[in-house]
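**Q** Sequence first, predicted coordinates after that:
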Amino acid sequence: MFRNKLFFIGTSKRHVPFIRIAQRMGCFVVGIDKDINSPGAKLCHVFKPISIKDTDSALQLASHYDVDACVTVADQGLGTCAAINTKLSLRGIKNDTYDIVNRKDKFKDVMKFFGVPTPKVTYDEFPVIVKPKIGTGSNGVVKLNTKHELGHYMYSAKNDNYIVEKFIEGDHLSVDILMQGGITKYSLMQDRYLEHDDCYVDSIIVSPSKYFKVSPWENGRTDILHTAEFVCMAIGLMDGPANVQFIIDKDGNEYVHEVNPKISGPYGIECHTYATNTSWFRDILKVALGIGADSLDYNNIVPNACITFGADKDGLYYRTRLSSAARPIIDEWWWKETGDTIHKFKTVKDSIGHIFIMGDDVPEITKRARIILEETKIQYIGGC
């Protein structure tokens, strides 16, 4: 006899660990994905070839099976997930929260109301960051250095569906957080090193952040973690995961520039589970089901890093030549059952791949990550 019924929006490779854990928890799994050959499709008790963006069909199926929870780890499925949670009164992201995080102008208004600093909107102070008003993640985000570049962008844009913010020089970091009933169960603070050039953006993400120290509640930047928690409550996300992204300027001031109502990065929750020695998969499902989630022991965090390769708006990368430094790193990654070390995608909007790195201390793995990033070569279709 199944104890709970879980609805999965998406049955791609990243959903496979969730589906397997849900089955071990004794759950009946209903999944949807437009790809009938997706890896998780055959693992579901019920699978229907429905697009994760088809809200009406997904809601009809979820209602038919009277599901107890709905989850996704895909950006494209968040709106559908929010609609199902709202209509069926399930835990997790709701329509109001999704509307805030999906509209960058509305998000800035909410943060201003609650007194949370965000980057200043400006058309005169350069460089600037230009973002689409609608959407989550970093798709379509560009850095412009002069008024001429901004003018060309505005002239070429098909509409005014973008927002222009002052570029803040400083440290980029993010807090992945798991809330349950308005209380933080897990949080993982990470540094984000962004490598810009004319064609694409590569990034290195390192856990834990240099601001984290040993115990965040004793000698780290406790204000950052408290702000992340406050932001989640301000946007109405009382149950579920979120990724709150910060910039810390040269004077130590913090700015929140984005919130994604899911765990960050294409490397997914596998990296978090390794870093914290705690099952983020299991406890995200527990939160969705209303089961008490565990609390994180911050003394057991294992330093690690992830290199992410991206595609530019004009070209699709089709081959990555790994440096000699990268090859032994691949052999170290042990999470074989949840995916390959290097993931390749087929669309310009997705990252082309990422490499996981583990080590004994943050400076050492950061150095290794930078060596790999500098030596790894990417060929691409298109140009800048």
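**A** That came through, no problem.
**Q** In three-state terms, label residue 52 for me.
**A** coil (DSSP: H, G, I helix; E, B strand; the rest coil).
**Q** ok, it to residue 84 distance?
**A** 11 Å (Cβ to Cβ, to the nearest Å). Glycine gets a C-beta too; all of them are placed from N, C-alpha and C.
**Q** Check residue 118 too.
**A** 30 Å.
**Q** can you check residue 53 too?
**A** In terms of Cβ to Cβ, residue 53 sits 13 Å off from residue 84.
**Q** How about the contacts made by residue 20?
**A** residue 43 (Cβ atoms under 8 Å, 6 or more residues apart in numbering).
**Q** picking that back up, with neighbour numbers in mind, choose between residue 118 and residue 84.
**A** residue 84 (28 against 18; other Cβ atoms under 10 Å).
**Q** residue ranges with poor pLDDT in this structure?
**A** Scanning the chain for pLDDT under 70 picks out 1, 136-140, 195-202, 213-220, 264-268, 270, 308-323, 326-354, 360, 377-384.
**Q** repeat that with 50
**A** Counting by pLDDT under 50, the chain has low-confidence residues at 197-200, 216, 265-266, 311-317, 332-351, 380-384.
**Q** Which parts of it are helices?
**A** 16-24, 55-64, 78-87, 95-102, 104-113, 147-156, 216-219, 222-234, 268-276, 280-289, 326-332, 362-375 (DSSP state H).
**Q** Dump these into JSON lines; add distance to residue 167 as well.
**A** Shown next, in JSON lines, are these (distance: least, Cβ to Cβ, whole Å):
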{"stretch": "helix 16-24", "distance to residue 167": "36"}
{"stretch": "helix 55-64", "distance to residue 167": "36"}
{"stretch": "helix 78-87", "distance to residue 167": "27"}
{"stretch": "helix 95-102", "distance to residue 167": "22"}
{"stretch": "helix 104-113", "distance to residue 167": "15"}
{"stretch": "helix 147-156", "distance to residue 167": "12"}
{"stretch": "helix 216-219", "distance to residue 167": "28"}
{"stretch": "helix 222-234", "distance to residue 167": "20"}
{"stretch": "helix 268-276", "distance to residue 167": "28"}
{"stretch": "helix 280-289", "distance to residue 167": "32"}
{"stretch": "helix 326-332", "distance to residue 167": "30"}
{"stretch": "helix 362-375", "distance to residue 167": "22"}
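**Q** Let me know which of those helices is the nearest to residue 248.
**A** Smallest distance to residue 248 across the helices of the chain (Cβ to Cβ): 7.9 Å, for helix 222-234.
**Q** Contacts for the closest one, please.
**A** With Cβ under 8 Å, 6+ apart, helix 222-234 has contacts from 110-111, 114, 116, 173, 175, 177, 179, 182, 184, 187, 189, 211, 216-217, 238, 242, 244, 246, 248, 254, 256, 259.
**Q** One more: stretch 22-33?
**A** With Cβ under 8 Å, 6+ apart as the criterion, stretch 22-33 contacts 2-12, 15, 19, 40-41, 43-52, 54, 57-58, 61-62, 65, 67, 282, 285, 289.
**Q** Ok, which of the helices of the chain comes nearest residue 300?
**A** Closest to residue 300 of these is helix 268-276 (Cβ to Cβ; 6.7 Å).
**Q** What helices and strands are in contact with the closest one?
**A** For helix 268-276, the elements it packs on are strand 183-196, strand 201-207, helix 280-289, strand 304-309, judged by 3 or more Cβ pairs under 8 Å, 6 or more residues apart in numbering; DSSP states H and E.
**Q** Could you export these to CSV, including columns for distance to residue 362?
**A** Formatted as CSV, the helices and strands packed on helix 268-276 follow (distance: least, Cβ to Cβ, whole Å):
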stretch, distance to residue 362
strand 183-196, 8
strand 201-207, 6
helix 280-289, 20
strand 304-309, 8
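**Q** and of the ones you listed, who's closest to residue 79?
**A** That would be helix 280-289 among these, by Cβ to Cβ, at 17.0 Å.
**Q** could you say what helices and strands the closest one packs with?
**A** Packing contacts for helix 280-289, counted by 3+ Cβ pairs under 8 Å, 6+ apart, involve strand 4-9, helix 16-24, strand 69-71, strand 170-180, strand 183-196, strand 240-249, helix 268-276.
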